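S.K.: just to be clear, the model below is a prediction. Sequence and coordinates:
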Amino acid sequence: MITKLFPSATLVLVFLGATSFAQTSSYDFLITNAHIVDGTGAPWFSGDIGVSGDRIVAMGDLHGAIAKQHIDAHGLVASPGFIDVQGQSECNLLVDGRAASKITQGVTTEITGEGVSIAPVNDRVIAEDLRDRAKKYGVALDWRSLDEYFVHLERARPAINLGTFVGAGGLRTYVIGKDDRPVTAAELEQMRQLLAQGMEQGAFGVSSALQYVPSRFASTDELVELAKVARSYGGVYFTHQRSEADQIFSSLDEVFEIAQRANISTTIWHLKTSYPENFGKMPEILKRIQAARASGIDVAASVYPYNRASNDLIACFPSWIAEVGTDKMLARLNDPAQRARAKKEMDQPSSVWENLWLGSGGGKGILLIQVLNPDLRKYEGMNLDEIGKEIGKDPKDAAMDIAVADRGNSSVVISIMQDADVRLAVSNPLVTYGSDSEEHAEDGPLSKTKAHPRSFGTFTRVLAEYVRAEHTMTLEEAVRKMTSQAASRAGITDRGILRPGMMADITIFDPATVQDKATYNDPLHYSVGVQDVFVNGRPVVLDGKITDERPGRGLRGPGYKHTP
């Protein structure tokens, strides 16, 4: 293919030289007068883009061409659609297919499946991880395999594309539940077979979330064996590593070991240095990742551009609370002796579990943002200290009472990072972007709860804060990290670059005005400055307004074997 024979700048000249053929062509959409930032990192150039069907078919000087619809992008940037390598919208897209908070910041594709994935699932996985949320929104849980989920997804008509990993934690729950024990040889083989089935049905690889139950019970050897299966299908490994705090250097060593032993492309999700005692360690972390790459290990990372994280409320409790499953968790939190033990451990440093409560500075650093139980909604937007005062209880007791009343489904925002570390990670050439957040909206069923602002502003914040305001990287570099680099890390081959023959996922924005508007206290606000967004050749945002188009698709990975 020509894309393998010529560098990006030469490609532009090749297609510019061929525009005399294109000038008499007819397109569905013709984007003219754009500053084209093609996703490769090359300098922008002026030009036009012709779209027919779901593909880009021409680029260059197309001033004589005919089109059904013209878009004058004078003064605007046209780039590949942004790829969120850690979206969480696999369920929310079944509720509201608009993906409104994502498309209004230029996102056209999500990759999801952090540790626990949408498929494969059995009754146990559904009961533990999906049923409560599905019941709240009236979603029919009518799939068990990834093939069946994609049928449901495309029936729901999403505005964005979605691909997924198979979560190693979900495989554990599927096979043995949430018990703290090693897998047997037979159980591991069953997990391997389930993963192989997922890869053949289109998963992009395998993922882990090693801070949480049950993924934290997996040994390095277990993860290596699963990664080898994914690698045999051309897949990749993404991980929420075992520690982002006091054990971060040994955690990095495990990431490197898995990548090396399985010979698999590996990406660390939401790279961070958590808790005050670890602030300032980001330069050393980035240095170690670069050293690993220099030694031949294919490892990189993603990040979101905020100094606060988000998590399930139950992650603020000692990890033994969540072992075995939801019913056992609720019983422990209702037992006075076990509650007292957990409260004591929450005030102590630990090398066994990531103590988010202590690392956040206690209840004042933990903001409740989402609940399923409507009786608890009055507490959304309050921190745990404030909720404790409201109900007359110790903040830790208040947190545990909420967890019980909400059956462990509550979400929180936690203050655990510093700006300097975030800035370094955001701007590093090896780091791409993932919101680590599901889609939300300003209206409709997904507007009834709070959210982390990253759901609405991850990509626009990078452009506004780090490109325009702080100049920590060029516009071309930021777009490269949002597009072609993201596609490369996930294994997407037909998106992420503006080039004839590629899928027509295109984001058009004003570099002078693009801006995130969501805040921690008032998060439900769309970004501004994104004028037009195309997904598979159809406009989901046009002239700054969300359209009725729903052209998103389920994306399949390299091991996909289509069965009629």
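M.R.: Yep, it's here.
S.K.: could you measure from Glu284 over to Gln290?
M.R.: 11 Å (C-beta to C-beta, to the nearest Å). Quick note: C-beta positions are derived from backbone N, CA and C, even for glycine.
S.K.: let me redo that: Asp61
M.R.: 41 Å.
S.K.: listing partners with orientation, what would you give for the longest strand along the chain?
M.R.: In the chain, assigned by DSSP state E, the strand with the most residues is strand 26-36. Its sheet considered, strand 26-36 pairs with strand 45-52 (antiparallel), strand 66-72 (parallel), strand 77-80 (parallel) by DSSP bridges.
S.K.: quick check: buried residues in that strand?
M.R.: Neighbour-count burial for strand 26-36, counted by 16 or more other C-beta atoms under 10 Å, picks out 27-32, 34-36.
S.K.: what of stretch 36-45?
M.R.: Result for stretch 36-45 [16+ other C-beta under 10 Å]: buried residues 36-42, 44-45.
S.K.: do stretch 56-74 as well
M.R.: The neighbour-count check on stretch 56-74 (16+ other C-beta under 10 Å) flags 56-62, 65, 67, 71, 73 as buried.
S.K.: now that stretch: mean pLDDT?
M.R.: Taken as a whole, stretch 56-74 carries a mean pLDDT of 96.
S.K.: quote the end-to-end distance of it.
M.R.: End-to-end distance for stretch 56-74: 19 Å, by C-alpha to C-alpha, to the nearest Å.
S.K.: distance between that stretch and the chain's centre?
M.R.: Between the centre of stretch 56-74 and the centre of its host chain there is 32 Å, according to C-alpha atoms, centre = their mean, to the nearest Å.
S.K.: just the helices in the stretch 1-150 of the chain please.
M.R.: Ranges of helices within the stretch 1-150 of the chain are 2-5, 8-17, 19-22, 100-103, 123-125, 131-137, 146-155, based on DSSP state H, counting those that start in this stretch.
S.K.: center of this protein - which residue?
M.R.: Nearest to the centroid of the C-alpha atoms of the chain, with distances taken as C-alpha atoms, centre = their mean, sits Gln86, at 1.3 Å.
S.K.: distance of that residue from Glu438?
M.R.: 11 Å.
S.K.: what does Ala451 give?
M.R.: Taken as C-beta to C-beta, the span from Ala451 to Glu438 is 8 Å.
S.K.: which of the helices of the stretch 1-150 of the chain has the lowest average pLDDT?
M.R.: helix 2-5 (a mean of 30).
S.K.: in CSV, list the strands paired with strand 26-36 along with distance to Asn383.
M.R.: Below are these laid out as CSV (distance: least, C-beta to C-beta, whole Å):
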stretch, distance to Asn383
strand 45-52, 47
strand 66-72, 45
strand 77-80, 38
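S.K.: which one, of the ones you listed, ends up nearest to Thr184?
M.R.: Closest approach to Thr184 among the strands paired with strand 26-36 is made by strand 77-80 (45.4 Å; C-beta to C-beta).
S.K.: now the closest one: average pLDDT?
M.R.: Rounded mean pLDDT across strand 77-80 is 99.
S.K.: burial count for Val183?
M.R.: Other residues within reach of Val183, judged by other C-beta atoms under 10 Å, total 21.
S.K.: again, but for Ala209
M.R.: Counted with other C-beta under 10 Å, the neighbours of Ala209 add up to 24.
S.K.: can you tell me which residues contact it?
M.R.: By C-beta atoms under 8 Å, 6 or more residues apart in numbering, the residues touching Ala209 are 114-116, 167, 169, 215, 239-240.
S.K.: distance check, the closest residue to it other than its chain neighbours against Thr273.
M.R.: Residue nearest to Ala209 in three dimensions, not counting chain neighbours: Gly115, with 2.6 Å by C-beta to C-beta, 6 or more residues apart in numbering. Between Gly115 and Thr273 the computed distance is 21 Å (C-beta to C-beta).
S.K.: for Val77, the count of nearby residues, please.
M.R.: 23.
S.K.: ok, Val528 next?
M.R.: 18.
S.K.: what comes up buried for stretch 292-300?
M.R.: 292, 297-300.
S.K.: now render the residues you listed as a markdown table, adding distance to Thr267, pLDDT and secondary structure.
M.R.: A markdown table is the format used below for those (distance: C-beta to C-beta, whole Å; pLDDT from 0 to 100; DSSP: H, G, I helix; E, B strand; the rest coil):
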| residue | distance to Thr267 | pLDDT | secondary structure |
| --- | --- | --- | --- |
| Ala292 | 12 | 98 | helix |
| Ile297 | 12 | 98 | coil |
| Asp298 | 9 | 98 | coil |
| Val299 | 7 | 98 | strand |
| Ala300 | 5 | 98 | strand |
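S.K.: thinking again about what came up before, now tabulate the buried residues of strand 26-36 in a markdown table and tack on distance to Ser232 and pLDDT.
M.R.: Output for these, formatted as a markdown table (distance: C-beta to C-beta, whole Å; pLDDT from 0 to 100):
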| residue | distance to Ser232 | pLDDT |
| --- | --- | --- |
| Tyr27 | 41 | 98 |
| Asp28 | 40 | 98 |
| Phe29 | 40 | 98 |
| Leu30 | 44 | 98 |
| Ile31 | 41 | 98 |
| Thr32 | 46 | 98 |
| Ala34 | 42 | 98 |
| His35 | 43 | 98 |
| Ile36 | 38 | 98 |
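S.K.: thinking again about what came up before, residues near the residue nearest to Ala209, how many?
M.R.: 25.
S.K.: poorly predicted segments of the stretch 451-564 of the chain, please.
M.R.: Where the stretch 451-564 of the chain drops to pLDDT under 70, the residues are 564.
S.K.: in contact with Gly444, which residues?
M.R.: 96, 98, 100.
S.K.: the second one against Ile160, yeah?
M.R.: No: under the criterion of C-beta atoms under 8 Å, Arg98 lies out of contact with Ile160, with a separation of 9.1 Å.
S.K.: out of these two, which sits in the more crowded spot?
M.R.: The neighbour comparison of Arg98 against Ile160 (other C-beta under 10 Å) goes to Ile160, with 29 against 25.
S.K.: contact partners for the more buried one?
M.R.: 89, 93, 99, 102-103, 107-110, 535, 540, 552.
S.K.: among these, who's most crowded?
M.R.: Neighbour max across these (other C-beta under 10 Å) = Lys102, 34 neighbours.
S.K.: that residue and Thr519: what is the separation?
M.R.: Taking C-beta to C-beta as the measure, Lys102 falls 18 Å from Thr519.
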